[in-house]
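Peer 1: the sequence and its predicted three-dimensional model are supplied below.
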Amino acid sequence: MRTTFILSLLFLCAYGYGKTKEEFPVPRPPFTEGIFPCSSCHEGMEVNPKKRELKEEHRSIKLRHGENFRWCLDCHDGQNRDKLKLVSGELIDFTESYMLCGQCHGTTYRDWKAGIHGKRTGYFSGKKMYFLCVHCHDPHNPKFKPLRPEPPPMKPKETKHGR
(Lines give C-alpha, C1' and ligand atoms only; values in the text may rest on other atoms or scores of the structure.)
Protein backbone atom coordinates (compact mmCIF):
# COMPACT_ATOMS: atom_id res chain seq x y z
CA MET A 1 0.00 0.00 0.00
CA ARG A 2 2.78 2.43 0.97
CA THR A 3 4.72 1.65 -2.24
CA THR A 4 1.64 2.42 -4.35
CA PHE A 5 1.19 5.75 -2.55
CA ILE A 6 4.83 6.71 -3.05
CA LEU A 7 4.77 5.72 -6.73
CA SER A 8 1.55 7.73 -7.25
CA LEU A 9 3.09 10.74 -5.53
CA LEU A 10 6.26 10.49 -7.65
CA PHE A 11 4.13 10.23 -10.81
CA LEU A 12 2.12 13.32 -9.89
CA CYS A 13 5.27 15.32 -9.12
CA ALA A 14 7.14 14.15 -12.21
CA TYR A 15 4.34 14.99 -14.61
CA GLY A 16 3.43 18.33 -13.11
CA TYR A 17 -0.16 17.64 -12.10
CA GLY A 18 -1.60 20.49 -10.10
CA LYS A 19 1.06 22.97 -11.21
CA THR A 20 0.07 26.45 -12.21
CA LYS A 21 1.61 28.70 -14.85
CA GLU A 22 3.56 30.55 -12.16
CA GLU A 23 5.53 27.40 -11.40
CA PHE A 24 7.28 27.60 -14.79
CA PRO A 25 9.30 30.82 -14.64
CA VAL A 26 10.94 31.42 -18.01
CA PRO A 27 13.28 34.03 -19.48
CA ARG A 28 12.08 36.35 -22.23
CA PRO A 29 11.74 34.57 -25.61
CA PRO A 30 14.66 35.13 -28.00
CA PHE A 31 12.91 37.62 -30.29
CA THR A 32 14.75 39.00 -33.30
CA GLU A 33 15.73 42.61 -32.61
CA GLY A 34 12.89 45.05 -33.36
CA ILE A 35 10.24 42.38 -33.95
CA PHE A 36 8.32 42.63 -30.65
CA PRO A 37 5.81 43.94 -29.77
CA CYS A 38 4.14 42.80 -32.98
CA SER A 39 1.40 45.39 -32.51
CA SER A 40 3.89 48.15 -33.30
CA CYS A 41 3.46 47.17 -36.98
CA HIS A 42 0.25 45.11 -37.00
CA GLU A 43 -1.97 47.51 -34.99
CA GLY A 44 -5.00 48.36 -37.12
CA MET A 45 -3.73 46.25 -40.04
CA GLU A 46 -6.37 44.20 -41.82
CA VAL A 47 -6.10 40.48 -41.04
CA ASN A 48 -5.52 38.32 -44.11
CA PRO A 49 -6.11 34.69 -43.06
CA LYS A 50 -5.22 33.30 -46.51
CA LYS A 51 -2.19 31.01 -46.57
CA ARG A 52 0.38 32.57 -48.90
CA GLU A 53 4.06 33.30 -49.42
CA LEU A 54 4.95 36.42 -47.46
CA LYS A 55 6.39 39.02 -49.85
CA GLU A 56 6.77 42.04 -47.60
CA GLU A 57 7.73 41.80 -43.93
CA HIS A 58 8.69 38.40 -42.52
CA ARG A 59 9.76 37.10 -45.93
CA SER A 60 12.78 35.55 -44.19
CA ILE A 61 10.39 33.25 -42.28
CA LYS A 62 9.97 29.95 -44.08
CA LEU A 63 7.31 27.88 -42.37
CA ARG A 64 8.67 24.34 -42.16
CA HIS A 65 6.63 23.25 -39.16
CA GLY A 66 3.73 21.31 -40.58
CA GLU A 67 3.90 23.60 -43.62
CA ASN A 68 1.33 21.60 -45.56
CA PHE A 69 -1.23 22.02 -42.79
CA ARG A 70 -0.28 25.14 -40.80
CA TRP A 71 -0.45 28.89 -41.28
CA CYS A 72 0.75 31.81 -39.13
CA LEU A 73 -2.70 32.43 -37.64
CA ASP A 74 -2.92 28.87 -36.34
CA CYS A 75 -0.57 29.98 -33.54
CA HIS A 76 -0.51 33.80 -33.69
CA ASP A 77 -3.70 35.66 -32.85
CA GLY A 78 -5.00 37.73 -35.77
CA GLN A 79 -6.59 40.43 -33.64
CA ASN A 80 -3.91 40.78 -30.96
CA ARG A 81 -0.54 40.01 -32.52
CA ASP A 82 1.18 40.34 -29.14
CA LYS A 83 -0.49 37.07 -28.08
CA LEU A 84 -0.40 33.46 -29.13
CA LYS A 85 -3.62 31.47 -29.55
CA LEU A 86 -4.33 27.99 -28.21
CA VAL A 87 -6.65 25.60 -30.06
CA SER A 88 -9.34 26.46 -27.49
CA GLY A 89 -9.11 30.12 -28.55
CA GLU A 90 -7.50 31.16 -25.25
CA LEU A 91 -4.84 33.83 -25.73
CA ILE A 92 -1.49 33.41 -23.99
CA ASP A 93 1.70 35.45 -23.71
CA PHE A 94 4.80 34.48 -25.64
CA THR A 95 6.35 33.55 -22.28
CA GLU A 96 3.72 30.79 -22.06
CA SER A 97 4.49 29.41 -25.54
CA TYR A 98 5.29 26.01 -23.98
CA MET A 99 1.52 25.54 -23.62
CA LEU A 100 1.06 26.14 -27.36
CA CYS A 101 3.83 23.67 -28.25
CA GLY A 102 2.44 21.16 -25.76
CA GLN A 103 -0.87 20.95 -27.62
CA CYS A 104 0.77 18.89 -30.38
CA HIS A 105 3.92 17.70 -28.62
CA GLY A 106 2.32 16.26 -25.47
CA THR A 107 4.98 13.77 -24.43
CA THR A 108 7.75 16.32 -24.95
CA TYR A 109 5.73 18.88 -22.95
CA ARG A 110 5.32 16.34 -20.16
CA ASP A 111 9.06 15.70 -20.17
CA TRP A 112 9.81 19.45 -20.26
CA LYS A 113 7.66 20.05 -17.17
CA ALA A 114 9.43 17.20 -15.37
CA GLY A 115 12.86 18.57 -16.32
CA ILE A 116 13.73 15.62 -18.57
CA HIS A 117 13.58 17.52 -21.90
CA GLY A 118 15.04 20.96 -22.43
CA LYS A 119 17.11 23.01 -20.07
CA ARG A 120 16.34 24.45 -16.71
CA THR A 121 18.54 26.09 -14.14
CA GLY A 122 18.16 26.58 -10.42
CA TYR A 123 17.81 24.30 -7.46
CA PHE A 124 16.64 20.68 -7.26
CA SER A 125 14.01 21.50 -4.65
CA GLY A 126 13.73 25.25 -4.96
CA LYS A 127 13.42 28.08 -7.42
CA LYS A 128 14.04 27.08 -11.06
CA MET A 129 14.18 28.82 -14.44
CA TYR A 130 12.78 26.84 -17.38
CA PHE A 131 13.99 27.58 -20.89
CA LEU A 132 11.23 27.87 -23.49
CA CYS A 133 11.01 25.51 -26.47
CA VAL A 134 11.99 28.47 -28.68
CA HIS A 135 15.32 28.88 -26.88
CA CYS A 136 16.46 25.68 -28.63
CA HIS A 137 13.96 25.24 -31.49
CA ASP A 138 12.96 27.78 -34.14
CA PRO A 139 9.14 27.65 -33.96
CA HIS A 140 8.88 28.11 -37.73
CA ASN A 141 11.54 25.48 -38.52
CA PRO A 142 11.91 23.44 -35.31
CA LYS A 143 14.41 20.83 -36.47
CA PHE A 144 16.96 20.67 -33.69
CA LYS A 145 20.21 22.30 -34.72
CA PRO A 146 23.51 20.70 -33.57
CA LEU A 147 24.92 22.13 -30.36
CA ARG A 148 28.38 21.90 -28.87
CA PRO A 149 28.11 19.56 -25.85
CA GLU A 150 28.79 20.88 -22.38
CA PRO A 151 31.90 19.54 -20.63
CA PRO A 152 31.40 16.47 -18.43
CA PRO A 153 30.96 16.90 -14.68
CA MET A 154 34.12 17.16 -12.62
CA LYS A 155 35.02 14.25 -10.36
CA PRO A 156 34.89 15.32 -6.69
CA LYS A 157 38.30 15.79 -5.07
CA GLU A 158 39.52 13.11 -2.73
CA THR A 159 39.42 13.96 0.98
CA LYS A 160 41.84 12.79 3.64
CA HIS A 161 39.24 10.18 4.69
CA GLY A 162 39.31 8.55 1.26
CA ARG A 163 35.87 9.71 0.13
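Peer 2: Received, thanks. Numbers count the residues shown, from 1 in each chain.

Peer 1: how far away is Lys128 from Phe24?
Peer 2: 8 Å (C-beta to C-beta, to the nearest Å). Every residue, glycine included, has its C-beta placed from N, CA and C.

Peer 1: who has more neighbours, those two?
Peer 2: Legend: neighbour count by other C-beta atoms under 10 Å for Lys128 and Phe24, higher for Phe24 (19 against 15).

Peer 1: burial count for the closest residue to Glu57 other than its chain neighbours?
Peer 2: Among residues not flanking Glu57 along the chain, Cys41 sits closest, at 6.8 Å (C-beta to C-beta, 6 or more residues apart in numbering). Residues near Cys41, counting by other C-beta under 10 Å, number 13.

Peer 1: secondary structure element for Cys41?
Peer 2: Element membership for Cys41 (DSSP states H and E) is helix 39-42.

Peer 1: any buried residues in that helix, and which?
Peer 2: His42 (16 or more other C-beta atoms under 10 Å).

Peer 1: any idea of the mean pLDDT in it?
Peer 2: Helix 39-42 shows an average pLDDT of 82 in the prediction.

Peer 1: I'd like to know which elements that helix is packed against.
Peer 2: Helix 39-42 is packed against no helix or strand, with contacts defined by 3 or more C-beta pairs under 8 Å, 6 or more residues apart in numbering; DSSP states H and E.

Peer 1: distance-wise, check the residue nearest to Glu57 relative to Gly122.
Peer 2: 36 Å.

Peer 1: do the same with Val47
Peer 2: 40 Å.

Peer 1: report pLDDT for the nearest residue to Lys51 once chain neighbours are set aside.
Peer 2: Nearest residue to Lys51 in three dimensions, chain neighbours excluded: Trp71, at 4.4 Å (C-beta to C-beta, 6+ apart). Predicted confidence (pLDDT) for Trp71: 80.

Peer 1: right, and Trp71 touches Leu54 too?
Peer 2: No: Trp71 lies out of contact with Leu54 (C-beta atoms under 8 Å); the separation is 10.8 Å.
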